[in-house]
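> This is a predicted model, with the sequence first.
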Amino acid sequence: MTTHRRRPLRAVPILLATLVAALLMVTGCSVDRSGQDSGKPTIRIAYQSFPSGDLIVKNNRWLEDALPDYNIKWTKFDSGADINTAFIAKQIDFGAIGSSPVARGLSAPLNIPYQVAFVLDVAGDNEALVARNGTGINTVADLRGKRVATAFASTAHYSLLAALAQAGVNPADVDIIDLQPQASLAAWQRGDVDAVYTWLPTLDELRKTGKTLIASRQLATAGKPTLDLGVVSTQFAKDNPSVVDTWRKVQARALALIHDDPQAAAKAVAAQLGTTPTDAANQLKQGTFLTASELTTPTWLGVDGQPGNLAENLHSAAEFLAAQQQIPTAPPLSTFQQAIYTKGLPGVLSAQ
């Protein structure tokens, strides 16, 4: 386990370069077309195993059906931090990633050239801080001197810091360690951690032997919302606008399925998570899924040429991260406005 200690910010670029170099050594620079039609171009998609429309698209092969002239390569990642690293290494074209990692990605020193093209979900009870039974922890304030696990640079990490700030707890007074969801579950079962801030499906396992202290839904109400976003490489979007249109359409189709046929949506998500449709249905109910018409309102993506308040949400997240010394400084609002991909909205989604 890695103990949370403040690293001097000047070390971040060096660490970043090392991570990217390591990734390139493992994956190489060429497109992986193994087991696919080498005569077709490949679209590389990063996904995560949280219940969302993205898993429905993957399970039902809607993108493969809509883009028969392309290979579709899906790669699973454990966190947004890993997806950011893959974008820097130019290993992926699309990614499902939390709003906090996106705020980091658009800020120095990362300055990742990608844009937000979709809102997969708004975090609710599907992401939460849970204390293990028997630790004597009943409130966020009780975390002083305790060991808390979360995935660094994730929406859960952001929400943990927000929860501590809300409770007047200095993060330096908490032993925060960097663990991915499955690793945090293992540490929990061994008794190595007292609390965990994470997301589904791991979260439901923790709840069986723990107490929820606060959920992201409550933090959103207090002005610190987190979201799961669909991002696309800026260069890819410039070169392949029709592909981005198709990708947005199938994502909107998945949102419609969640609203109109929750049983079918749960079945598809269950197949991807390796759980039962009942469990998947319960997990889907814990998130907030927008409709296609809501996506293009001023609150979220906005319309062509007029980015919505999602940009302000990301800017606010970056300001909070800077105040917490997680990034050197927050870029101006214009950086985030330019990072909202509104081309063709709302027509692209209404025409799906």
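Good, I have the coordinates.
> If we go by neighbour counts, what in the strand ranked longest in the chain is buried?
In terms of residue count, the longest strand belonging to the chain (DSSP state E) is strand 114-122. Buried residues in strand 114-122, counted by 16 or more other C-beta atoms under 10 Å: 114-122. For the C-beta atoms, the positions are set from N, CA and C on the backbone; glycine is no exception.
> Just flag the most distant two among those residues.
Longest distance between any two of those is 20.1 Å, between Y114 and V122; criterion C-beta to C-beta.
> Output the below-cut-off pLDDT ranges for the stretch 51-200 of the chain.
For the stretch 51-200 of the chain, no stretch is flagged by pLDDT under 70.
> what ranges do the strands span in the stretch 1-150 of the chain?
2-3, 42-47, 71-76, 94-98, 114-122, 127-132, 147-150 (DSSP state E, counting those that start in this stretch).
> that older thread, could you list the residues in contact with the longest strand of the chain?
Contacts to strand 114-122, defined as C-beta atoms under 8 Å, 6 or more residues apart in numbering, come from residues 52-54, 87, 95-96, 102, 105-106, 220, 225-234, 237, 244, 247-248, 251, 287-290, 295, 300-301, 310, 314, 338-341.
> repeat that for 7 Å
With contact meaning C-beta atoms under 7 Å, 6 or more residues apart in numbering, strand 114-122 is reached by 52-54, 87, 96, 102, 105, 225, 227-234, 237, 244, 248, 251, 287-290, 295, 300-301, 310, 339-341.
> In ChimeraX, select just the buried ones from those residues.
Buried members of these, defined by 16+ other C-beta under 10 Å, are picked up in ChimeraX with:
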select :52,53,54,87,96,102,105,225,227,228,229,230,231,232,233,237,244,248,251,287,288,289,290,295,300,301,310,339,340,341
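> Show me the contacts of strand 114-122 that map onto helices.
Of those, the ones assigned to helices by DSSP state H are 53-54, 87, 102, 105, 234, 237, 244, 248, 251, 295, 310.
> Hmm, V303 is touching G344, no?
No. Look at V303 against G344 with C-beta atoms under 7 Å: they stay out of range, at 9.3 Å.
> Compute the distance between V148 and L161, please.
11 Å (C-beta to C-beta, to the nearest Å).
> So which of the strands of the stretch 1-150 of the chain is the most surrounded?
strand 94-98 (a mean of 29; mean count of other C-beta atoms under 10 Å).
> Which strands border it, and is each parallel or antiparallel?
Paired with strand 94-98 in the same sheet, following DSSP bridges, are strand 42-47 (parallel), strand 227-233 (antiparallel).
> Can you report how many residues neighbour A172?
Neighbour count of A172, defined by other C-beta atoms under 10 Å: 11.
> Can you classify it as helix, strand or coil?
Put simply, A172 is helix when judged by DSSP: H, G, I helix; E, B strand; the rest coil.
> Spit out the contact partners of it.
A172 makes no contacts at all, as judged by C-beta under 7 Å, 6+ apart.
> quick one, what contacts A317?
99-100, 103, 158.
> Test my guess that P241 contacts Y341.
No. With contact defined as C-beta under 7 Å, P241 does not count as touching Y341 (9.5 Å).
> what do the two both touch?
With C-beta under 7 Å, 6+ apart, P241 and Y341 have no common neighbours.
> helix or strand for H157, which one?
Per DSSP states H and E, H157 falls inside helix 155-166.
> How far away from the center of its chain is stretch 173-190?
How far stretch 173-190 lies from its chain's middle: 19 Å, per C-alpha atoms, centre = their mean, to the nearest Å.
> List of residues touching that stretch?
Residues outside stretch 173-190 that contact it (C-beta under 7 Å, 6+ apart): 1-4, 78-79, 132, 143-152, 164, 193, 196, 198-199, 202, 205-206.
> Go ahead and build a ChimeraX selection from the buried members of those residues.
A single ChimeraX command suffices to select whichever of the contacts of stretch 173-190 are buried according to 16+ other C-beta under 10 Å:
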select :4,79,132,143,146,147,148,149,150,151,152,164,193,196,198,199,202,205,206
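> what about stretch 345-352, average pLDDT?
Over the span of stretch 345-352, the pLDDT mean works out to 84.
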